[in-house]
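Asks: Coordinates only, no sequence provided:
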C-alpha cells in the first residue's frame, strides 16, 4: 500500500485543487469523506507524489519478475477496514502466477431488457 497519512499541501500555489493558494487550501479545506472512499479535496502535487511512489513500487516488483497492477480499490478497501491509517491509499497487488490475476478481469455483460 502507498498513501498519504496526513493532509499537507505542497506549497506550489498552483490552484489545481480549486483554491488560489496552498495557504487557503490548508485553512479553508473542509474535508469531505465518502463511505469506504477518501477524504478530499487534496493537493494535486501530492497526488502526483503518490503516482511517482506507485510507479517506483511497481517497477521494483517488475525487476523481481513479479507481475503487479496498481489498484485504487485495494487502497479504498484497506482504508475502510482500518488496515491502513491514511487519507489516500493505493495498492500494488502482486502475483506469483503467470500474470496478475486482475489483468484479464471480465466485466459482466449488461442485461438488456
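Replies: Arrived safely. Because the structure is predicted, anything quoted here is derived from the model rather than measured.

Asks: Spatially central, which residue of this structure would that be?
Replies: Taking Cα atoms, centre = their mean, the centroid of the chain lies closest to residue 90, which sits 3.5 Å from it.

Asks: Not counting sequence-adjacent ones, nearest residue to that residue?
Replies: Excluding the flanking residues, the one nearest residue 90 by Cβ to Cβ, 6 or more residues apart in numbering is residue 75, at 4.4 Å. To be clear about C-beta, it is placed using only N, CA and C from the backbone, and glycine gets the same treatment.

Asks: Show me the shaky parts of the chain.
Replies: In the predicted model, the chain carries pLDDT under 70 at residues 33-36, 98-113.

Asks: if I look at residue 86, how far off is residue 65?
Replies: Counting by Cβ to Cβ, to the nearest Å, the gap from residue 86 to residue 65 is 29 Å.

Asks: Can you pick out the residue with more neighbours from those two?
Replies: Neighbour count, other Cβ atoms under 10 Å: between residue 86 and residue 65, residue 86 has more, with 17 against 7.

Asks: Is the more buried one in a helix, a strand, or coil?
Replies: Classification of residue 86 using DSSP: H, G, I helix; E, B strand; the rest coil returns coil.

Asks: Now the terminal residues of stretch 8-27, how far apart.
Replies: 11 Å (Cα to Cα, to the nearest Å).

Asks: Pull the contacting residues for the nearest residue to residue 87 once chain neighbours are set aside.
Replies: Closest residue to residue 87 apart from its sequence neighbours, by Cβ to Cβ, 6+ apart: residue 39 at 4.6 Å. Counting by Cβ atoms under 8 Å, 6 or more residues apart in numbering, residue 39 touches 7, 31, 32, 33, 87, 88.
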